[in-house]
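*Asks:* test case, fold it:
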Amino acid sequence: MGQPAIAMIRALLVLALAPVAHAQPEATEADCGCLWEGSFSQLAPLADLVILGDVTAKKGNAVDINAITSLKGELWLNPVRVWMKTRTYCRPPADDFPEGSRWIMALSQIREVPEDGFNPSTPNQSFGRQYDYVLSSCGGYWLRVNGNTAMGNLVPDMPRFYHHPDMSPVLIELIAGYLNGDVSEHALVEASRQRPEAVDTLILDTRSFLRGQEDWLPDDSASDSDQ
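*Replies:* A predicted model of the protein is given here:
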C-alpha cells in the first residue's frame, strides 16, 4: 500500500477514535479562593456586557477584543479591553486567549479601581482601568467559538471549574436566542448533549473500513530501528 493511503488510514483512525470535543483534563482556577458562580447560561444574563469577538492584541495581563457584535449590553468602545489574571485575582491567564482566537465573553465593567490596583511602574500588570472590563474564572464566563458554534461551560449540569468540558458545539444563533429570551435553557442543555449525526456516521464508517486493516499499517518501531 502506498504512503498516501497509509497516511489517510492513520488520519481516519485518529478521527474515529477521538471524542467529538476535547475535555479539559483539569479544573481551572479551582484553587484561587472563589466559589463557583454558575454556568454561562446562568451568568451571562447578569453580565454588564456579553460580546462575540476576536482577540487582536495582548498587553500585559489584558487582551483587546474586537467585538463583532454585542449579545447583551451597550458597546461604547471597540476594541474592548479585558483584564485577566495577575496577583491573586480570580481570572483566567491572558495567554489562554491567543491573538486571532474568537470568543463569547460575559464581562463585568470596572467601576472603581482599588487603591492597590494600579502600580505606575507596571501599568500592563494591574487590576485594570476604570470603565474597562474583567473576565472572571469563577464561573462559565466565556465560550470558545469555532465557525458558527461555541463550546464551554454553557449549562448548569457541567462540572464546576471546567471551562472546556466534553460537549457538542452549540450554534451561536441558539445562544443569542437564549440571551434574547427566545430560547429556553432546556434547549441549550439538549443542544450541548447532541452528537452531530454526520460525525456519528463518519465514525461508524471509518471503524468499519479500518476493521481488519491493522496488518496494512507499517511497524513504526521497525522503521525507527532502521534509522
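
*Asks:* check the closest residue to Val189 other than its chain neighbours and give its pLDDT.
*Replies:* Nearest non-adjacent residue to Val189, counting by C-beta to C-beta, 6 or more residues apart in numbering: Val155, 4.7 Å away. C-beta here means a position set from N, CA and C on the backbone, and glycine is covered the same way. According to the prediction, Val155 has pLDDT 96.

*Asks:* Val155 in helix, strand or coil?
*Replies:* Here Val155 takes the coil state, with states given by DSSP: H, G, I helix; E, B strand; the rest coil.

*Asks:* phi, psi for it please.
*Replies:* phi -130, psi 160 (degrees, to the nearest 10).

*Asks:* any idea how far the most centrally placed residue in the chain lies from Asp132?
*Replies:* Centroid-nearest residue in the chain: Arg144, 2.9 Å away (criterion: C-alpha atoms, centre = their mean). Using C-beta to C-beta, to the nearest Å, Arg144 is found at 22 Å from Asp132.

*Asks:* what does Leu143 give?
*Replies:* 21 Å.

*Asks:* these two - which one has more neighbours?
*Replies:* Leu143 (26 against 17; other C-beta atoms under 10 Å).

*Asks:* any weak-confidence spans in this structure?
*Replies:* 1-31, 123, 195-227 (pLDDT under 70).

*Asks:* show me where it has its helices.
*Replies:* 3-17, 40-43, 172-179, 185-193, 197-210, 220-226 (DSSP state H).

*Asks:* surely the residue nearest to the centre of the chain is in contact with Pro165?
*Replies:* No. Applying C-beta atoms under 8 Å, one finds Arg144 not in contact with Pro165, separated by 11.4 Å.

*Asks:* and for these two, which residues touch both?
*Replies:* Gly152 (C-beta atoms under 8 Å, 6 or more residues apart in numbering).

*Asks:* what's around the residue found closest to Asn146 once you drop the neighbours it is linked to in the chain, how many residues?
*Replies:* Excluding its sequence neighbours, the residue lying closest to Asn146 (C-beta to C-beta, 6+ apart) is Pro169, at 6.6 Å. By other C-beta under 10 Å, the residues close to Pro169 number 20.

*Asks:* which residue ranges of this protein form strands?
*Replies:* Along the chain, counting by DSSP state E, strands occupy 49-59, 62-72, 80-83, 102-109, 133-134, 142-146, 149-152, 170-171.

*Asks:* just the buried residues of the first one, please?
*Replies:* When burial is assessed from 16 or more other C-beta atoms under 10 Å, strand 49-59 yields the following buried residues: Leu49, Val50, Ile51, Leu52, Gly53, Asp54, Val55, Lys58.
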